[in-house]
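Peer 1: test case, fold it:
(chains A and B)
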Amino acid sequence: MGISLDTLTAAQIAAGVAAGKFTATEVARAALSAIETREADVQAFLQVTPELALEAAARVDALRAAGESLPPLAGVPLAIKDNMNLAGTRTTCASRMLENYESPYTATCVRRMLDAGCLPVGKANMDEFAFGSSTESSAFHRTNNPWDLERVPGGSSGGSAAAVAAGMTALALGSDTGGSIRQPAALCGVVGMKPTYGVVSRYGVVAFGSSLDQVGPFGRTVEDVALALDALTAGGRDPFDGTSQEAEGGFAAHIDDDIAGLRVGVIPAFMEAEGLAPEVKAAVEGALRTLEAQGAKLVEVDLPHLDAAIAAYYVIGPAEAFSNLARFDGVRYGYQEAGCTNLAEQSSKSRAHGFGAEAKRRQMLGAYLLSSGVYDKYYYAAQKARSLITEDYARAYEQVDVILMPASPTTAFKFGELSDPTQMYLSDMFTISINIAGNGGITVPCGVGADSGLPVAVQLVGRAFDDRRLLTFARAVERGHAQAAGVPGCVVAPDFAGKGGELA
Amino acid sequence: MALTEDDVRGIAEYATIALDESELTEMTAYLNDAVEMLEPILQYAAEDVEPTFHPIGDLSNVMRSDAVDADRALATEDALANAGAARDGQFRVPSILGGGDR
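Peer 2: Numbering: from 1, shown residues only, chains lettered A, B, ... in the order given. Next up, the predicted model:
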C-alpha cells in the first residue's frame, strides 16, 4: 500500500521527488486519481488538464534523470483560478462571455509556478469575473464546500480553496480584490494569502479592480504558502506589469523566526462587531493567547475610519470593474451576438447576453458612479476615505508589528442563504480594508468551531511590503494551534481524506 | 432621490448593456439598494485630505520604445483566434453607422 498524496505538504512532495522516493509522474497520476474520485462531489474545477500535468511531470523526471538539480516545487500539483491565462487552457472567468476563450499566452504568476516545478492539474471555478463571496455566481456550476457539501466554499476563489481543502492539490493560485483569497480560505479551512499589492505580477490575470487586485497562494500549511510566494516572486519585478514591485524574498526561510517581543494589535471594536459569530471570535481569542504564549505583546489599536471601508470599496471596485470590463465588446474576443445590423447593437447585446446577473449589476453600479454629476460626489469621497484608512493603518503600525482579526464573520453559509446581493457584500467586512490600503493579509485556519463543526480561521494583517513577517506570525498561530489541538496543522476535509490519490 | 427605471435605462445605454424590461425593474431596485449602502461615503467628500487613487502612490506611467517586440507580440492568427468574426487578417464587425436607428 502506498501513501495518500493528500497526507503530504507541497514541501514534502518536492522533497520526495528530489530524493527519488517517488517520481513527479507518479505524483501527477495520484493527483489526477484524487480529482477523479473527489471532483464529482466538490466540483472545484472548470477544466482538468491531465496532459499539461503529465507533461510538466515528465519534464521534472527528465531533469532528475539527467542529474540536474530540481526547482523548489518540483512535482507539486497546482490548481489555477480560471481568471489566469495558461497557454493550452481556456480562461473563462466562469463566464459565458469567455466560455470559449483560449489563453493566448501564460500569465507571469502561472509561469513562475510552472518554472518552480509545479504540475498544473486544472483551472478552478470562481464567481463570474471574481464578483462574489460564494462562487455561486459562476455561470457553469457551483462549487461545494468539502467540509459540508450543502454549503458554499466562499469566493470568489472558491474552486481554488476547495481543491486544496479536499486534498486534490497541495497548492492553488487565487486572486483577491476584496477578500477573494482570504474569505474562501477561512470557509474551507486552508491557508490563503493576499500579499501586499504589487508583490505578485498581475500580467495575464483578467483585471477586475486594477488598484485593488492581487494574486496569492492557497496551501494547507503556512510553509507551503511561503514556498509558493517565494516562487511567485522569484525573478524580481515583472517588466510586463507596471505596478509590480521588488519583493523582499526569503519567505519560507523566515517562517520560524522568533516572535518574542514583537507586538500584535487587536481592534476592540472588531471583536464586538455585529454579525461576528461567537465561535469565530473564540478562534481569534485563542490565536491571541497562542501568540502571547510565544512571547508576543498584545496592544489595542484603533482604526477609526474602517467603517468607511465597505462603502469605499463598493465605489472603487465597481468603478474600476466597469472600466476594465468595457473591453468585452464582442469584437476581439468573448461572446458575440449573431445577426446584429450595427456595431452598437452587437456590443450591447453581446454584453447583455454574455455577462451574468452579478457582472451586470457591478458594471451598472460602476457606470452610474462614474457618470457626470455623480462621479464627484462618490468617487472622490471614496478616494479620500481611502487616504484616511491608509493613514489609520500607518498610525497603527507605529505601535504594532501585525494586526490580528477575523477573516470571515461567520463559518461557511448555505447555498442561497445570502440571496440579497448587498447583504452578500457585508461578508467581506474584515477583508476589504487592506485591498483599499494595499497592505498584505493572510488567513490561518484554527480547527473547527464548537457550534458548527465547520472550519474557523483568523486573519493576520501586516504592514505594506512586510509580507515575510506576516508569514512568520501566521506560522506562529499555526504552530500554537497544532500543539494545542494535537494535529499536524491544517487537515484535508474528513469526508475526502485518503479517497483515491494513492501514490503508487 | 431614488433612481427611476428611465434613469437606469440611460445608465444601461452608457454601459452598453441591452437590459430587457424585467432586468430593468430588478436593476433599478438593486441600484437604489446599493446607492443607499454607499451613503456613508458622502460624509468624506468634505474631508481635508488628498484623495488616494492607487495604493502605490509614486507610480509613473511605463513607457517603452515604439518598436515591435517580436517575442511578445501575438501572431496575427493568435490575435484573431478568439474573435467572433474575422476576415483577411482583421476583426470583422457589422456596420458602424448604418443598418440601425442609432
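
Peer 1: strands of chain A, start to end?
Peer 2: Here chain A has its strands, by DSSP state E, at A:45-48, A:77-81, A:119-124, A:171-176, A:191-194, A:214-219, A:263-266, A:297-300, A:402-406, A:441-448, A:455-462.

Peer 1: for A:Leu149, find the nearest of these.
Peer 2: For the strands of chain A, distance to A:Leu149 was read as CB to CB. The smallest value, 14.2 Å, belongs to strand A:455-462. Placement of C-beta: from N, CA and C, glycine included.

Peer 1: could I get the CA-only coordinates of the closest one as PDB?
Peer 2: What follows is strand A:455-462, C-alpha atoms only, in PDB (Å, rounded to 0.1, in the frame of the first residue of the first chain):
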ATOM      1  CA  PRO A 455     -13.600  25.400   9.800                       C
ATOM      2  CA  VAL A 456     -12.900  28.700  11.700                       C
ATOM      3  CA  ALA A 457     -10.000  30.900  11.000                       C
ATOM      4  CA  VAL A 458      -8.200  34.100  11.900                       C
ATOM      5  CA  GLN A 459      -6.600  36.800   9.700                       C
ATOM      6  CA  LEU A 460      -3.300  38.500  10.200                       C
ATOM      7  CA  VAL A 461      -2.800  41.900   8.600                       C
ATOM      8  CA  GLY A 462       0.700  43.300   8.100                       C
END
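
Peer 1: report the distance from that strand to the chain centre.
Peer 2: 13 Å (CA atoms, centre = their mean, to the nearest Å).

Peer 1: what is the burial count for the closest residue to A:Arg463 other than its chain neighbours?
Peer 2: Sequence neighbours aside, A:Tyr397 is the residue nearest to A:Arg463 in space, at 4.8 Å (criterion: CB to CB, 6 or more residues apart in numbering or on different chains). Neighbour count for A:Tyr397, taken as other CB atoms under 10 Å in any protein chain shown: 20.

Peer 1: likewise for the one 3 residues further on?
Peer 2: Taking other CB under 10 Å as the criterion, the count of residues near A:Val400 is 22.

Peer 1: hey, what's the spatially closest residue to it that is not a sequence neighbour bridged with?
Peer 2: Nearest non-adjacent residue to A:Val400, counting by CB to CB, 6+ apart: A:Gly265, 3.5 Å away. Applying DSSP bridges to A:Gly265 gives these bridge partners: A:Val299, A:Ile403.

Peer 1: what is the neighbour count of A:Gly265?
Peer 2: Around A:Gly265 there are 21 residues (other CB under 10 Å).

Peer 1: same check, this time on A:Ala269
Peer 2: 12.

Peer 1: how about A:Asp41?
Peer 2: Neighbour tally, A:Asp41, other CB under 10 Å: 14.

Peer 1: contacting residues for the nearest residue to A:Lys499 once chain neighbours are set aside?
Peer 2: Distance criterion CB to CB, 6+ apart; nearest residue to A:Lys499, sequence neighbours excluded, is A:Thr37 at 4.8 Å. Applying CB atoms under 8 Å, 6 or more residues apart in numbering or on different chains to A:Thr37 gives the contacts A:499-501.

Peer 1: in this structure A:Arg386 contacts B:Pro51, no?
Peer 2: Yes. A:Arg386 lies in contact with B:Pro51 (CB atoms under 8 Å); the separation is 7.1 Å.

Peer 1: tell me the centre residue of chain A?
Peer 2: Residue closest to the average C-alpha location in chain A (CA atoms, centre = their mean): A:Ile181, at 2.4 Å.

Peer 1: can you pull the contacts of A:Ala497?
Peer 2: Listed by CB under 8 Å, 6+ apart, the contact partners of A:Ala497 are A:4, A:6-7, A:167, A:491.

Peer 1: could you dump these into CSV with distance to A:Ser348 and pLDDT added?
Peer 2: As requested, the contacts of A:Ala497 are exported to CSV (distance: CB to CB, whole Å; pLDDT from 0 to 100):
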residue, distance to A:Ser348, pLDDT
A:Ser4, 52, 94
A:Asp6, 47, 95
A:Thr7, 53, 95
A:Gly167, 45, 97
A:Val491, 49, 85
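
Peer 1: just the buried ones from the residues you listed, in PyMOL syntax?
Peer 2: Those of the contacts of A:Ala497 that count as buried under 16 or more other CB atoms under 10 Å in any protein chain shown are selected in PyMOL with:
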select buried, chain A and resi 4+6+167+491
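
Peer 1: ok, A:Ala385 touching A:Leu306?
Peer 2: No. With contact defined as CB under 8 Å, A:Ala385 does not count as touching A:Leu306 (9.9 Å).

Peer 1: and these two? which has more neighbours close in?
Peer 2: Between A:Ala385 and A:Leu306, A:Ala385 has the larger neighbour count (other CB under 10 Å), namely 30 against 25.

Peer 1: tell me the spacing between that one and chain B.
Peer 2: Distance from A:Ala385 to chain B, counting by CB to the nearest CB, to the nearest Å: 4 Å.

Peer 1: please apply the same query to A:Ala282.
Peer 2: On the measure of CB to the nearest CB, A:Ala282 and chain B end up 29 Å apart.

Peer 1: pull the contacting residues for that residue.
Peer 2: A:449-450, A:456.

Peer 1: and these as CSV, adding pLDDT?
Peer 2: As requested, the contacts of A:Ala282 are exported to CSV (pLDDT from 0 to 100):
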residue, pLDDT
A:Gly449, 94
A:Ala450, 93
A:Val456, 97
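
Peer 1: let's have these in CSV, adding distance to chain B and neighbour count.
Peer 2: Below are the contacts of A:Ala282 laid out as CSV (distance: CB to the nearest CB, whole Å; neighbours: other CB atoms under 10 Å in any protein chain shown):
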residue, distance to chain B, neighbour count
A:Gly449, 28, 19
A:Ala450, 32, 11
A:Val456, 27, 28
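
Peer 1: make a markdown table from those and add distance to A:Glu272 to it.
Peer 2: A markdown table is the format used below for these (distance: CB to CB, whole Å):
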| residue | distance to A:Glu272 |
| --- | --- |
| A:Gly449 | 18 |
| A:Ala450 | 19 |
| A:Val456 | 18 |
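
Peer 1: which one of those is nearest A:Gln336?
Peer 2: When those are compared against A:Gln336 (criterion: CB to CB), the nearest one is A:Val456, at 45.8 Å.

Peer 1: how close does the closest one get to A:Val448?
Peer 2: 7 Å (CB to CB, to the nearest Å).

Peer 1: do A:Trp147 as well
Peer 2: 8 Å.

Peer 1: kindly report the same for A:Pro77.
Peer 2: In terms of CB to CB, A:Pro77 sits 25 Å off from A:Val448.

Peer 1: which one's more surrounded, those two?
Peer 2: A:Pro77 (32 against 19).

Peer 1: what's the closest non-adjacent residue to the more buried one?
Peer 2: Nearest residue to A:Pro77, sequence neighbours excluded (CB to CB, 6+ apart): A:Ala31, at 3.8 Å.

Peer 1: mind checking pLDDT for the one you found?
Peer 2: With respect to pLDDT, A:Ala31 scores 98.

Peer 1: would you list the phi and psi of the residue of the stretch 151-300 of chain A found nearest chain B?
Peer 2: Residue nearest to chain B within the stretch 151-300 of chain A (CB to the nearest CB): A:Gly242, separated by 3.9 Å. Dihedral pair for A:Gly242: phi -60, psi -20, per degrees, to the nearest 10.
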